[in-house]
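Visitor: coords please:
(chains A and B)
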Amino acid sequence: MNNTNQRIILSGRVEDERLESRVLEEKIQKAVRDGHRVIEVEAHGQHGIGGRLYRAAKDPVHVKVTGHSGQRLGSMGFPGTFIENFGPASDDAGWLNAGARIVIHGNAANGTANAMSQGTIFVGGSIGSRGMTMTKYNPRFDPPQLWVLGSTGDYFGEFMAGGIAVICGVDPKTPENILGHRPFVGMVAGTVFFNGPHGGYSKTDSKIVFLSDDDWQWLRDGLDRFLDAVGRKNDVPERLFERERWQKLTARSPHDKVVRKTRTVSEFRRSVWEAELGAGGLVGDISDRDMSLIPLIPTGELRRFVPVWENRKYLPPCQDACPAGIPVLDRWRLVREGKVDEAMDLALRYTPFPATVCGHLCPNLCMGSCTRQGAMMPPVDITKLGKAGVHTKEPELPEVTGGRVAVIGGGPAGISAAWQLRLTGHDPTIYDLPVQLGGKISALIPKSRIPDDILNAELERARRVIGHVLLEKQLEAEDVERLRDDYDYVVVAAGAQKPRMLNIPGIERVFPATDFLRKAKQDAAGSPGDHVVVIGAGNVGCDVAVEAHRLGAKTITLIDVQEPAAFGREKAHAEAAGATFRWPCFTKEITAEGVVLEDGDLLSADTVVVSVGDVPDTGFLPGTVEIENGFVKVDEQFRTTDPKIFAVGDIVRPGLLTDSIGAGRKAASAIHRLLSGKEAGNNDRYYEMAGQSDIFLSEYAGFRDFVLDGPAVIDPSRISLEYFDPRLEMSEGIEGCSSACLSCGSCRDCGLCESLCPQAAIYREELENGDFEYRVRTDRCIGCGFCAGACPCGIWAIHENDPL
Amino acid sequence: MQTDGAIGPSTLSLKDLPWQILWDKERCTLCGRCTAVCPVGAIELKVFRKRAVNVDVDFSKPGKRGGNVFGTFYGIHQRTSPAFACVGCAMCTLACPNDCIGPVAADEADKLRFHINQGGQAERRGGRRNDPGGILDRIQFTRISMLTDPALDAGRHEFELTTLLGRIYPPEKNMEMLRENGWIPPVREIYPLIIGGMSFGALSPTMWEGLQLGVTYLNEELGMPVRISTGEGGCPPRLLRSRFLRYVILQIASGYFGWDEIIHAIPEMKVDPCAIEIKYGQGAKPGDGGLLMWHKVNKLIAAIRGVPEGVSLPSPPTHQTKYSIEEAVAKMIQSMYMAWGFRVPVYPKISGTSTALSVLNNLSRNPYAAGLAIDGEDGGTGAAYNVSMNHMGHPIASCLRDCYRNLVSLGQQNEIPLFAGGGIGKSGNLAANAAALIMLGASGIQVGKIVMQAAAGCLGSETKRCNICNIGRCPKGITSQDPRLYRRLDPEDVAGRLVDMFVSFDTELRKIVAPLGRSTSLPIGMSDALGINDKDAADRLDIRYVV
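Guide: Just a heads-up that it's a prediction; the model follows:
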């Protein structure tokens, strides 16, 4: 081009009309294309003057701007472009500058050098807010530079991401703070040199660093060029050339970012919190409790739950159910331990009739309550153990040192009372009417249910123990009064002898059941004929049926007004004898043909037996003994209203044989206490049942007392039935039975807990008396309760720990 | 029950429970940690039967077909009686070193709900209304100013996110009072997120210590003027006599517990408390009072509340000596102002109710009323009847909105600040919920439950998880007075997490208000920034309907 360096003057106004920015831009671009390299622009506020002059290629272009340059002077400026602005610049001078050198001789407004990437901007005055913001540094080029002679406005260097800014602080707009309010927020890269006071800067994003020799050399050289360019070379204060007045600031690197220099909460707690409140914080003055952190699963006293070895704290249901209070579970335990003899001896402490009653006649309430049934497993068969006790030798008897007691009645209740009295060193004497001891067991109960040899063996043993047995003694009231005076105490156990009869026509034709049974047993009854009707279908009625069958009856019908009360072995025997039950039947009369019912039916009968119960004959008792509803009135200890007379058995209330045996034991216990100078009774039933009465002799190895408090029978859900195979039948022998016993509430010393404890906290401790305990190392135990969950016998329990 | 035992109406199976424990036999080492940690005894070790049948399948041979092999194994068993039903807290999962146990929510409505009332005892629990989500989560901030307002950068710009607690006179009246040397109500400039009343007693001592420590840290270390209400249960004597009292709002409620200790401390107070909150109602159980059972009234609580140990402490549903709204509010506010020489703002707190406007109108005529706090139905509590929690109360959004618009109609919207609470941040959207309420007209927000969740790891949920604050067995030690439980909680950790919660809330609140161009005042009542995709809700709240 021939017009290289040719100067051209372009005015932003033509004929008093301001040119649109677009038109001026086209003119400038055309001038460059035409080869002009010095362009003087008389600006009238046009936008973006001097930028984008890439058409000059590598030629330098000098743009001189006079007048009022508009916004974005030199925006998108190219390398080689040199813009000289001879007055103040508007906003965003050098916006997105990509290489132009821009010199502004006056002040520059907001946004100076915003987003500049290359090039240099010299400002001879001060700049407005948000200068040098969003600047970049592209490693392909030199970093951009902004030099400001005066001060910057607010938010200087915001988001600055590269380049170098130099703020000289000469004639600043804000002399007290040449960097403005909150500079360098979000700055991530770049360097700033400044000379003058500042009002703080973003310390999280930037920092003041050491000004090196190289820095100073660069700055010193640059200053000369800058001052020269803005025409202030000889017109600036000396401090501008004093190195120590300059400060250098750079962005913090990502690794160097400080979030906020604050104390940790721990430091704060120590140095501020407790300094103001005192040691222990908010409640240190009113509580000395340790509040320090503990682990989630602690041991020792910090456990929420603690296991307790509650051995023999609760009664097993079998023993609880037994009216005689026989410690069934302990008998099985003794068998398991190979102490069969001791197991037999133990029974004799509670009953004179282990074979007769436990083995044969008792409905075995212990078995009825056996926990094993919870899993449909058969109960442990106590009858085997009972029967095995038939020939057990009687206990060794203490010398008679106590009182003398007359026992009227030689049935199970009387024998039990006398037996217990003798075992505790007293001197009982039995008076009874029949020729044979044993009451209704001997007299009435069919031999099919209790073989003679067994009964006789046990009666013989009882007789040996009791010593004084006077039979065939009919006592009248005056005899009883005499006995009361002669003896320390009298126990009345005369039973219920008077049959209850029906008030119907023809009643004289019937046999009372007791008469029938007594005669049958003595083989004194003739044949009852082919057809027998029994009115009253209870267990006694069943006995009648069995005996009638034995004596040759072909049909036996038991009738009742309601569903027959018969149950258990008696009923089974009757059914085996071919007896049929019929109900409801209301008897109208008894005729020679048989029983006529209210509905007109005739039940043919050769023999009719009435079996609707018996009532006591109390006519022989002195007037001091109160009778209530036909029975003798007694208190909890079976003491009558006459303080020297006790009454037990059916004369008090109808019941099972085992009830009579229990009553005898209880009355004996009360008498023993009285004779020992104590109160008659401990009203706690469990005291008696648990074998803690004074006449219980705890001489058996390993026998432990129960420690009862709260509910006395163990909760069956504590027992783990799962250890037992429900398909297994009950074993034949007593050893087999003994291992089937769950040992409810009584430790069987299996050691499972010791093995299972996840913390190995449980150990077995042998005691000096030969006993043992399982104990817990509290410093190891976490209170998981596994011991309680696994214990086969329900010994371990998990309790909430005591409050701290 | 015994497996072959009888069943009763309340005999439940695992299927009937709200939570079922899944246990992996394969991975379990039988370490006992799960049963040791379970707060309600829902799980225990059990012996299980195992049976293998080895049959001879050769049918040509007669006779028995083979043998049974019987055995047992040990495993974790879940109890099914209502008293021991799993509450789903999953502490077992937390404690299990082998990841082999944990509760799973039932796949249909449980049957336990019909049997929880054993002995005629209606269900009681802690936590919130069993209803996750809510209207607040659905409100969007639809005004995002890019060019219409000077948009700000939440991360880098300075924000003044404080609010005013106290009665603000109109400028003319203020000037008049200044001229005439009259009384100008005290006003506090505080952070808009306030920790609502949770008493010493409802919370454990470690939790209380942690919250107060955290609040103090926020104030003194981070410069955030966060305030905390004591709830009704007094205030530790040391705190009353410390400079930290200025961060505390003392609450007085119908039980008046601890107030004699506060009165005795007045002469020794270094600073005034931030404010006095008169509690008339609670959002979680509106119309109901409270009862701290005697067994929780230990030495410490007794000392702080000024009562003997081991006595039950009832807070009646209402204040006993107030008979009309005029009298009730005026009398209480006057008394409480007098206690501190009219230097401390006094405001009532009520539960969300359709009668809130009546209270507000009354307050608008009482120059001493420093504000009104309204606690919506989604608020939490330590103990309440389930029926109160689930079915009683008013949602906070419309209640607050009605009150604010009423103030606008009176021209008093800048005079009586409203504080909204009840389920704010229930779904974790604390800042969004708070900002929505602020733009609906709240000057500040009260939170409680989310503080327990964020700062102490509370496990409670609106889907029946845990929520056993009422029985003193909080597995995290937040609401228990049992040292074995509350010592699981380190006050420093609580304080640290509280700080995290507030600092992050602050960031989020900025994120919401920055695009509105607000940096120097909260956008209180700026409801044109809100939108919701529900026409009825939009109409009711008078905000933009957006779809």
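
Visitor: when you scan stretch A:130-140, is anything in it near chain B?
Guide: No. With Cβ under 8 Å from any Cβ of the partner chain as the criterion, chain B is not reached by stretch A:130-140; the gap is at least 11.2 Å. Where you see a C-beta, it was placed from the backbone N, CA and C, and this is true even at glycine.

Visitor: can you tell me the residue of the stretch 301-450 of chain B closest to chain A?
Guide: Closest approach of the stretch 301-450 of chain B to chain A (Cβ to the nearest Cβ) occurs at residue B:303, with a separation of 4.6 Å.

Visitor: Would you map out the domains in chain A?
Guide: A:107-256, A:265-292, A:306-311+A:750-800, A:317-392+A:694-740, A:404-496+A:616-681, A:498-615 (automatic domain parsing).

Visitor: Including mean pLDDT and mean neighbour count, could those go into JSON lines?
Guide: Shown next, in JSON lines, are the domains of chain A (pLDDT from 0 to 100; neighbours: other Cβ atoms under 10 Å in any protein chain shown):
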{"stretch": "domain A:107-256", "mean pLDDT": "95", "mean neighbour count": "20"}
{"stretch": "domain A:265-292", "mean pLDDT": "95", "mean neighbour count": "17"}
{"stretch": "domain A:306-311+A:750-800", "mean pLDDT": "95", "mean neighbour count": "18"}
{"stretch": "domain A:317-392+A:694-740", "mean pLDDT": "83", "mean neighbour count": "20"}
{"stretch": "domain A:404-496+A:616-681", "mean pLDDT": "91", "mean neighbour count": "21"}
{"stretch": "domain A:498-615", "mean pLDDT": "90", "mean neighbour count": "19"}
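
Visitor: Checking residue B:503 next. Helix, strand or coil?
Guide: helix (DSSP: H, G, I helix; E, B strand; the rest coil).

Visitor: Just give me the neighbour total for it.
Guide: 15 (other Cβ atoms under 10 Å in any protein chain shown).

Visitor: Was I right to think it contacts residue B:222?
Guide: Yes. Counting by Cβ atoms under 8 Å, residue B:503 does reach residue B:222; the two are 7.0 Å apart.

Visitor: still on that earlier bit, distance to residue B:479 added to the domains of chain A, as TSV?
Guide: What follows is the domains of chain A, written out as TSV (distance: least, Cβ to Cβ, whole Å):
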stretch	distance to residue B:479
domain A:107-256	39
domain A:265-292	16
domain A:306-311+A:750-800	18
domain A:317-392+A:694-740	31
domain A:404-496+A:616-681	50
domain A:498-615	57
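
Visitor: Verify the contact between residue B:513 and residue B:434 for me.
Guide: No. Using Cβ under 8 Å, residue B:513 is not in contact with residue B:434, being 10.8 Å away.

Visitor: list residues touching both of the two?
Guide: Residues touching both residue B:513 and residue B:434 by Cβ atoms under 8 Å, 6 or more residues apart in numbering or on different chains: none at all.

Visitor: quick one: contacts for the closest residue to residue B:368 other than its chain neighbours?
Guide: In this structure, residue B:368 finds its nearest non-sequential neighbour in residue B:333, 4.9 Å apart by Cβ to Cβ, 6 or more residues apart in numbering or on different chains. Residues near residue B:333 by Cβ under 8 Å, 6+ apart: B:278, B:346, B:348, B:366, B:368, B:369.

Visitor: can you pull the contacts of the second one?
Guide: Right, residue B:346. Taking Cβ under 8 Å, 6+ apart, we find residue B:346 in contact with B:275, B:276, B:278, B:332, B:333, B:336, B:337, B:368, B:369, B:370.

Visitor: Can you tell me the SS state at the second one?
Guide: Local secondary structure at residue B:276 is given as strand here, using three-state DSSP.

Visitor: beta partners of it?
Guide: residue B:250, residue B:346 (DSSP bridges).

Visitor: pLDDT wise, what is it at?
Guide: As predicted, residue B:276 sits at a pLDDT of 97.

Visitor: got it, and the one 10 residues further on?
Guide: In this model, residue B:286 is scored at 89, pLDDT.

Visitor: And it, how far from chain A?
Guide: 31 Å (Cβ to the nearest Cβ, to the nearest Å).

Visitor: Tell me which residues touch the spatially closest residue to residue B:521 that is not a sequence neighbour, please.
Guide: Spatial nearest neighbour of residue B:521, excluding adjacent residues (Cβ to Cβ, 6+ apart): residue B:160 at 6.8 Å. Applying Cβ under 8 Å, 6+ apart, we find residue B:160 in contact with B:519, B:520, B:521.

Visitor: and these, which are buried?
Guide: residue B:519 (16 or more other Cβ atoms under 10 Å in any protein chain shown).

Visitor: Turn the contacts of residue B:160 into JSON lines, including secondary structure, distance to residue A:176 and pLDDT.
Guide: Shown next, in JSON lines, are these (DSSP: H, G, I helix; E, B strand; the rest coil; distance: Cβ to Cβ, whole Å; pLDDT from 0 to 100):
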{"residue": "B:519", "secondary structure": "coil", "distance to residue A:176": "24", "pLDDT": "80"}
{"residue": "B:520", "secondary structure": "coil", "distance to residue A:176": "23", "pLDDT": "81"}
{"residue": "B:521", "secondary structure": "coil", "distance to residue A:176": "28", "pLDDT": "86"}
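
Visitor: So which elements touch the longest helix seen in chain A?
Guide: The single longest helix within chain A, with elements called by DSSP state H, is helix A:657-675. When contacts are defined as 3 or more Cβ pairs under 8 Å, 6 or more residues apart in numbering or on different chains; DSSP states H and E, helix A:657-675 sits against helix A:412-423, strand A:489-492, strand A:645-647, helix A:685-689.
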